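Student: for reference, the sequence and a predicted model appear below.
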Amino acid sequence: MKIILGSKVIIQYSTGGKFSCVIVSHLNADPMLKKISDHSPLGNVLIGRQVGDIVKFLTPSGKKEAKILSVRG
């Protein structure tokens, strides 16, 4: 299943930490509720990807790498 708007995604960072979020439009984004915009660095790189893919993205705190563990919806 490919990641689209509305998908609930669980990723694991290369450092070992896990993060879950829902990919939403930039109009509905709310990081405090783990609703990540498709225009954000993470949301943008996740769209169209699937379980097992490794993604790399740039954040204000530096480069990140993560593996997609789960996709629902």
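Tutor: Cool, got the structure.

Student: all strands for the chain, in order.
Tutor: Ranges of strands within the chain are 8-13, 18-24, 35-37, 54-59, 62-72, based on DSSP state E.

Student: can I get those in JSON lines with mean neighbour count?
Tutor: (C-beta placed from N, C-alpha, C; glycine too.) Below are these laid out as JSON lines (neighbours: other C-beta atoms under 10 Å):
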{"stretch": "strand 8-13", "mean neighbour count": "17"}
{"stretch": "strand 18-24", "mean neighbour count": "17"}
{"stretch": "strand 35-37", "mean neighbour count": "19"}
{"stretch": "strand 54-59", "mean neighbour count": "12"}
{"stretch": "strand 62-72", "mean neighbour count": "15"}
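
Student: looking at these, spot the one closest to Ile47.
Tutor: Closest to Ile47 of those is strand 18-24 (C-beta to C-beta; 6.7 Å).

Student: contacts for the closest one, please.
Tutor: Strand 18-24 has contacts (C-beta atoms under 8 Å, 6 or more residues apart in numbering) with 3-13, 34-38, 42-43, 46-47, 66, 69, 73.

Student: before we move on, back to that, would you turn the strands of the chain into a markdown table with mean pLDDT?
Tutor: Converted to a markdown table, the strands of the chain look like this (pLDDT from 0 to 100):
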| stretch | mean pLDDT |
| --- | --- |
| strand 8-13 | 98 |
| strand 18-24 | 98 |
| strand 35-37 | 98 |
| strand 54-59 | 95 |
| strand 62-72 | 97 |
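
Student: for Ile10, give me its contacts.
Tutor: Applying C-beta under 8 Å, 6+ apart, the residues near Ile10 are 18-20, 68-70.
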